[in-house]
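*Asks:* Pasting the sequence and the predicted model now:
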Amino acid sequence: MYMSDQAHHWSRAAATYEADYIDPYRPDVRNPLLKALEKLASAEVRTAADLGCGIGPLLPVLAEQFATVYAVDFATGMLQRARQRCAKLTNVEFVRTSLTDLRMLAGKVDVAVAVNSLVTPDLRDLEASLRQIRAAVRPGGHFLGIAPAMDAVHYYTMLLVNRALASGQPIDKARQNAARHADHDLYDFAFGLFRYQGLDQHFWQPFEVRYWLRHSGFRRIRLSKVHLSWKQFTCGEELSDQPPPWDWFFQADG
Ligand SMILES: C[S@@+](CC[C@H](N)C(=O)[O-])C[C@H]1O[C@@H](n2cnc3c(N)ncnc32)[C@H](O)[C@@H]1O
């Protein structure tokens with residue numbers, strides 16, 4: 001029931017997705033994902049799966065690099081838009097399923113990708129999804145993706161508080177100002193939740209990415225930053241002398 005609720009919310013989010021969600025593919029975002037995919041694609045590495053493909057921004061790239069691409073999502077609205085985007089591509093196969101049930105992909109995938117889609121707030125679903133992904137990836141295969149970063153929200157908050165203090169505000173006002181600009185009312189920082197438009201999403205600390213990937217049987221876990229653009233943040237222009245906030249890019253072996 002809970003999963004179908006989430007799928008429903010994500011479906012509704014599909015219509016206005018670009019306006020509401022951070023785009024990791026903008027030219028002013030430094031994102032290691034595309035280079036990493038280029039390095040992996042080869043004559044032997046033939047099958048990719050975009051897990052939680054959303055409206056499908058990555059699918060044309062994958063379709064060029066891999067012989068077969070599985071486009072997986074549990075939200076019908078997302079899959080509809082992804083299908084439209086890929087109307088001319090012949091090697092993309094669409095699968096409507098939750099990441100908690102990837103039986104039909106078991107042992108078939110050389111490269112699994114999950115971009116901002118491992119966001120279920122329920123750790124049992126997260127664990128089940130990662131086990132399913134591990135089982136979908138062939139021995140010697142790879143799993144890579146992006147996880148929304150909670151520590152980057154703390155970083156942004158720190159910069160905002162400091163900016164307000166520097167402009168002469170007392171500490172309580174500086175904190176209120178930061179909380180408003182960084183939308184603190186949408187977060188539960190202790191449990192790593194972001195609540196937006198009826199949807200609870202898990203935002204990650206880097207140690208959690210390492211912990212859960214290792215726990216699910218992945219090896220050689222590497223993390224690096226996706227450097228976002230200050231243009232994606234309110235007050236970003238005034239903070240642009242500092243490095244921008246980030247999300248976590250991860251890559252691991254099966
Ligand atoms: C923030 S969007 C990212 C979409 C796409 N990867 C991108 O980068 O534009 C998250 C996507 O993951 C899908 N998703 C979230 N949880 C899922 C689950 N448990 N099973 C299948 N899809 C899921 C949502 O429906 C949504 O399309």
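*Replies:* Sure thing, it's come through.
*Asks:* I figured Arg134 hits Gly217, correct?
*Replies:* Yes. Counting by CB atoms under 8 Å, Arg134 touches Gly217, with 4.8 Å between them. For the C-beta atoms, the positions are set from N, CA and C on the backbone; glycine is no exception.
*Asks:* For Leu59, give me its contacts.
*Replies:* Applying CB atoms under 8 Å, 6 or more residues apart in numbering, we find Leu59 in contact with 50, 53, 69, 71, 82, 85-86, 89, 92.
*Asks:* hmm, back to that, so Arg134 and Gly217 - more neighbours on which side?
*Replies:* Neighbours per residue (other CB atoms under 10 Å) separate Arg134 from Gly217, with Arg134 holding more: 19 against 14.
*Asks:* Identify all contacting residues around stretch 175-184.
*Replies:* 153, 156-157, 160-161, 164, 169, 185, 234-235.
*Asks:* So which residues on this structure come close to the ligand?
*Replies:* Selection of the chain residues close to the ligand by CB under 6 Å from any ligand atom yields 10, 21, 52-54, 57, 73-75, 78, 98-100, 115-117, 119-120, 129.
*Asks:* Ramachandran angles for whichever residue of the chain sits closest to the ligand?
*Replies:* Residue nearest to the ligand within the chain: Gly54 (2.4 Å; CB to the nearest ligand atom). With angles defined as degrees, to the nearest 10, Gly54 sits at phi 60, psi -140.
*Asks:* ok, now the one 10 residues further on?
*Replies:* With angles defined as degrees, to the nearest 10, Glu64 sits at phi -80, psi -30.
*Asks:* do the same with Leu34
*Replies:* phi -70, psi -40.
*Asks:* Where does the residue nearest to it when sequence neighbours are not counted sit: helix, strand or coil?
*Replies:* Nearest non-adjacent residue to Leu34, counting by CB to CB, 6 or more residues apart in numbering: Val61, 6.6 Å away. Following DSSP: H, G, I helix; E, B strand; the rest coil, the label given to Val61 is helix.
*Asks:* follow-up on the earlier one: if I read this right, the residue of the chain closest to the ligand contacts Gln80, doesn't it?
*Replies:* No. Contact between Gly54 and Gln80 fails when scored by CB under 8 Å: they sit 11.3 Å apart.
*Asks:* Let me know the next secondary structure element after the longest helix along the chain.
*Replies:* Scanning the chain for the helix with the most residues, using DSSP state H, yields helix 151-166. Sequence order places helix 171-181 as the next helix or strand after helix 151-166, per DSSP states H and E.
*Asks:* Output the lowest mean pLDDT helix or strand found in this protein.
*Replies:* Within the chain, no helix or strand scores below helix 2-13, which has a mean of 86 by mean pLDDT, DSSP states H and E.
*Asks:* Let me know how buried the closest residue to Gln242 other than its chain neighbours is, in neighbour terms.
*Replies:* Distance criterion CB to CB, 6+ apart; nearest residue to Gln242, sequence neighbours excluded, is Leu159 at 5.8 Å. Here the number of neighbours of Leu159 (other CB under 10 Å) works out to 22.
*Asks:* can you name the farthest residue from the center of this protein?
*Replies:* Gly168 (37.4 Å; CA atoms, centre = their mean).
*Asks:* What is the burial count for Arg81?
*Replies:* 18.
*Asks:* Give me the pLDDT for it.
*Replies:* You'll see Arg81 listed with a pLDDT of 97.
*Asks:* Just want the angle from the one helix or strand it maps to to helix 2-13.
*Replies:* Assigned by DSSP H and E, Arg81 falls within helix 76-85. Between helix 76-85 and helix 2-13, the angle comes out at 50 degrees (axes from the mean of the first three to the mean of the last three CA atoms, to 10 degrees).
*Asks:* chain center to helix 76-85, what's the gap?
*Replies:* 18 Å (CA atoms, centre = their mean, to the nearest Å).
*Asks:* in terms of contact, does His142 touch Asp110 like I think?
*Replies:* Yes. With contact defined as CB under 8 Å, His142 reaches Asp110; the gap is 7.1 Å.
*Asks:* circling back to that earlier point, touching both of Gly54 and Gln80, which residues are there?
*Replies:* With CB under 8 Å, 6+ apart, Gly54 and Gln80 have common neighbours Ala14.
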